[in-house]
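> What shape does this take:
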Amino acid sequence: MQDVVEYRIDRRSGVATYLQIVQQTKQALRLGLLGPGDRLPTAREVVEATAINPNTVLKAYRELEREGLVEARRGLGTFVRRTLGSAPATDSPLRGELADWAARARAAGLERDDVTALLASVLDQLYEGDDT
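Next up is the predicted model:
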């Protein structure tokens, strides 16, 4: 599963660029797109794909390393140490149902931010009081 994560930077999101990389890496870990032993793209590869500062990539990778999710191996790259969560595989029935729901929401005229807000409110209500 090497180099399956492609970072997409949204400069208008208000979220720091390095945090976007951290969040997208964690999402890939939760979805099983990245697993232990997989190599993250090099800073140079991320810079070429996103036109961001190399120090920003390194800051994100240091944060992931601090959290124990990845480890830097000198001269080899940055590798995944562990995964997160137990999200269903990308081909699971739950993902299909969610994709169907999202398609209905889009067809009903909801914008991406509307769907995100709606889903977040439902999740907040569902997981209220949980520390997970």
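> Specify the local secondary structure of the most centrally placed residue in the chain.
Residue closest to the average C-alpha location in the chain (Cα atoms, centre = their mean): Q24, at 2.0 Å. Assigned by DSSP: H, G, I helix; E, B strand; the rest coil, the conformation of Q24 is helix.
> what's the spacing between it and R112?
Applying Cβ to Cβ, to the nearest Å, the value for Q24 to R112 is 16 Å. C-beta here means a position set from N, CA and C on the backbone, and glycine is covered the same way.
> Ramachandran angles for the residue sitting furthest away from the middle of the chain?
Relative to the C-alpha centroid of the chain, counting by Cα atoms, centre = their mean, A108 is the outermost residue, at 26.8 Å. Main-chain torsions, A108, degrees, to the nearest 10: phi -80, psi 0.
> Please apply the same query to V80.
The phi/psi pair for V80 (degrees, to the nearest 10) is phi -70, psi 130.
> for the one 3 residues further on, same thing?
The main-chain torsion angles of T83 are listed as degrees, to the nearest 10 and equal phi -100, psi 180.
> Which helix or which strand is home to the closest residue to it other than its chain neighbours?
In space, and not counting its chain neighbours, T83 is closest to L29: 4.9 Å by Cβ to Cβ, 6 or more residues apart in numbering. Per DSSP states H and E, L29 falls inside helix 17-30.
> could you measure the nearest residue to V70 once chain neighbours are set aside against Y7, distance?
Nearest residue to V70, sequence neighbours excluded (Cβ to Cβ, 6+ apart): L64, at 4.5 Å. According to Cβ to Cβ, L64 stands 12 Å off from Y7.
> Those two: who's more crowded?
L64 (23 against 20; other Cβ atoms under 10 Å).
> quick one: low-confidence parts of this protein?
Low-confidence segments of the chain (pLDDT under 70): 1-4, 86-91, 130-132.
> Kindly recompute the last result at 50.
Along the chain, the parts satisfying pLDDT under 50 run over 1-2.
> just the helices in the protein please.
For the chain, the helices defined by DSSP state H occupy 17-30, 43-50, 54-66, 93-107, 112-126.
> Could you export those to TSV, including columns for distance to G37?
Formatted as TSV, those follow (distance: least, Cβ to Cβ, whole Å):
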stretch	distance to G37
helix 17-30	12
helix 43-50	18
helix 54-66	15
helix 93-107	24
helix 112-126	31
